[in-house]
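>>> Please find the sequence and the predicted model below.
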Amino acid sequence: MTSLKHKPGDILMMKRFSGILAVPPALILMLLTLAGSAVGQTVAGLHLFEQRCGSCHESPTAPKGAPDGLRLRKMSSDAVYAAITGLRLRKMSSDAVYAAITQGVTHASLPTMTDDEKRLIADYLGSLPVDAAKLTDAKLMPNHCAANPPIKDPSASPLWNGWGVDTDNSRFQPAKGAGLSAEQVPQLKLKWAFGFPATEEMFGQPTIAAGRVFIGVDSGAVYSINAETGCVYWSFQAEGGVRNAINIGLVKGKVPAKYAVYFGDVRANLYSLDAATGRLLWKVKLDEHPLAKVTGTPMLYKDRLYVPLASSEERAGGQTKTYPCCTFRGSVVAVDASTGKQIWKRYIIPDPPKMVGKSLNGVEHWAPAGGAVWDSPTVDAPHHVLYIGTGDSYTVPAADTTDAIMALNMDTGKIVWKIQDTPNDAWLSGCNGKDNSENCPKDLGPDYDFGASPILRTLPGGRRILVAGQKSGMVWAHDPDNKGAVVWKAQLVDKLALGMITFGGASDDQSAYFGLRTGGIAAVQLATGERKWFTPVSTSGTEDRFHGETAALTLIPGVVFSGGWDGILRAFSTKDGHPIWEYDTMREFKTVNGVAAKGGSMGAPGPTVAGGMLFVGSGYVFGGGAPGNVLLAFGPD
């Protein structure tokens, strides 16, 4: 890992964190490493909430000396506290939490907190910046498109729809859709940059449809932008950050809307908007767990959305001693795309959690839990099956549906088959230190989730395989027509380790390509799993930056694109892996919408290609790096 060079204001920030949180120097260093990122803000807010608010809001019973204002009428204090636990507070909006802290009579007798502290707590509980809706509105931007014509059939023009561009989740854009040849890639130049206000990290991946870019960001704002010029059509404010790609499709019964865009947020809401205007068509809550969220991209197929659900409980359970862990069960939900009505829901952990004990301080322990689904489902239309990769367990024993590849019936959600590639993987974040939470599993697993979508491919001769990269650095090929039997596995790192392959590879008809946290791109043959080539990423001139290639890769014929933790977007030849183009995004940009913006690390979403242009969001911190808030559009000079 390269060294971290602090900016001039970092010492002040260290003092601020230290004074606010009273946490160990190691944690302060971690916060500085993530300074300005959504993760850093979340961790800071969590510890501040636990220190300043936990004695009341996360206590199993009412503490002595609690403010009288919390004892409502004839209710007992314990009953009141049961109604306003930290879990329930997480269902409130950031603005509501901030108002309660700053205006509520109840908090008037509490020790004085600075406005920064109040906002950190509100941002943590509400999952958004305070006043986000007032800051993100496209109406405040000077570059409105001169006209907003009706959206024509998206399939009639170059399209990158959803996460993987196709229902196989291959992330391979054919020549016709790409409009960009391997010979043109070295001539790519920046055409425009778009800055996002109130945004700390670039969560979303650009969707390209009908000449527009649709993208969501961590502020909860979703934008429609002209792909050629960067002018803005509209924005919409969701209740939580949007970190998945957006789908667009024909909508029924929603006149005058003809096409709708669909996406989820980190508060487990699913939305449908009129693609032309951004008007809300419907919104549904998919899971009532307070830490449930949609991070993987919903798969739109025909008239249904298949939505993966994950959670923040993996972090909350291990990083605080007052959280009653663990109760979340990952799932996939099938939803009618026209109405938002739930058709079925399949839990990854089949049994509901039960209380299994209490901590020394009276905090409840629950099990079983886990099995988050971080990836976009893959569609096997001829066999009417969905394929997903699942996350680890939060409790022991780990269910055999965790760290697994699963096939679900598209009509009912019934499990067709399941194969667990890593057993006994019970893991919570922050459980490898000296002062562990009592929630931590006794035998801590390696955290080898499948964070990447399985890729469905057909080999010469007609045999089919599912190729899935795992966080361990192992690539698995399963036989979807033989109950998921392992066909081959390829270890792309010398030693299996956490986070090596995270958000996924890409595949053409001959090879699959994966980025590695160690810093490099590898190609493996689909038929055998044999490694064809490996290209390490150069660190020359960027020794003071974090390095790693964990973002999803993207393919066009002859070229594989990768965004790195070091902020550099690179292109490699698929033939032998030699570099053919790169662009350093880690700098400030003059934007078409007048918002101050900078690029940063690219740790999760991959670039997208359609109609002769390349689009990428720069500024997602994952494990290390620098945050940013810019969307970049490239075209051949």
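That came through fine. Small disclaimer: the values here were computed from a predicted structure and weren't measured. Numbering: from 1, shown residues only.
>>> now the helices for the protein?
Secondary structure of the chain (DSSP state H): helices at 10-21, 25-33, 38-52, 54-57, 77-83, 86-89, 94-103, 115-126, 132-136, 175-178, 313-319.
>>> mean pLDDT for those helices: which is lowest?
If the helices of the chain are sorted by mean pLDDT, helix 10-21 sits at the bottom with a mean of 34.
>>> Check the burial of Glu364 by counting its neighbours.
14 (other Cβ atoms under 10 Å). Glycine gets a C-beta too; all of them are placed from N, C-alpha and C.
>>> try Trp581
Neighbours of Trp581 using other Cβ under 10 Å come to 18.
>>> Below-threshold pLDDT in the protein: ranges please.
Filtered on pLDDT under 70, the chain yields the residue ranges 1-47, 50, 52, 54-96, 98-100, 102, 104-111, 122-123, 126-127.
>>> Let me see the domain layout of it.
Using automatic domain parsing, the domain parsing of the chain gives 10-126, 135-636.
>>> Could you say which of those is packed most deeply?
Compared across the domains of the chain, domain 135-636 shows the largest average neighbour count, a mean of 21 (mean count of other Cβ atoms under 10 Å).
>>> Give me the distance between the two termini of that one.
34 Å (Cα to Cα, to the nearest Å).
>>> now do stretch 148-168
End-to-end for stretch 148-168, by Cα to Cα: 33 Å.
>>> Run the chain-centre distance for that stretch.
Here stretch 148-168 is found 22 Å from its chain centre; the criterion is Cα atoms, centre = their mean, to the nearest Å.
>>> With stretch 623-634 instead?
For stretch 623-634, the distance to the chain centre is 14 Å (Cα atoms, centre = their mean).
>>> for stretch 214-233, same thing?
Going by Cα atoms, centre = their mean, where stretch 214-233 is centred and where its chain is centred differ by 18 Å.
>>> send the alpha carbons of it over as CSV?
This file holds the C-alpha atoms of stretch 214-233, laid out as CSV (Å, rounded to 0.1, in the frame of the first residue of the first chain):
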residue,chain,number,x,y,z
PHE,A,214,-29.2,8.8,-16.4
ILE,A,215,-27.2,8.7,-13.2
GLY,A,216,-27.7,8.7,-9.5
VAL,A,217,-25.3,9.8,-6.7
ASP,A,218,-24.8,9.5,-3.0
SER,A,219,-26.8,12.7,-2.3
GLY,A,220,-29.9,10.8,-3.4
ALA,A,221,-30.2,12.9,-6.6
VAL,A,222,-30.9,11.4,-10.0
TYR,A,223,-30.1,13.4,-13.1
SER,A,224,-31.0,13.2,-16.8
ILE,A,225,-28.3,14.8,-18.9
ASN,A,226,-27.8,15.2,-22.6
ALA,A,227,-25.1,12.8,-23.7
GLU,A,228,-23.6,15.0,-26.4
THR,A,229,-23.4,18.3,-24.6
GLY,A,230,-23.8,17.7,-20.9
CYS,A,231,-26.8,20.1,-20.6
VAL,A,232,-29.3,18.9,-17.9
TYR,A,233,-32.9,18.0,-18.4
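>>> residues contacting the residue nearest to Thr277 when sequence neighbours are not counted?
Spatial nearest neighbour of Thr277, excluding adjacent residues (Cβ to Cβ, 6 or more residues apart in numbering): Trp234 at 6.1 Å. Counting by Cβ atoms under 8 Å, 6 or more residues apart in numbering, Trp234 touches Ala138, Asn148, Tyr223, Ser224, Thr277, Gly278.
>>> I'm done for today, thanks for sticking with me.
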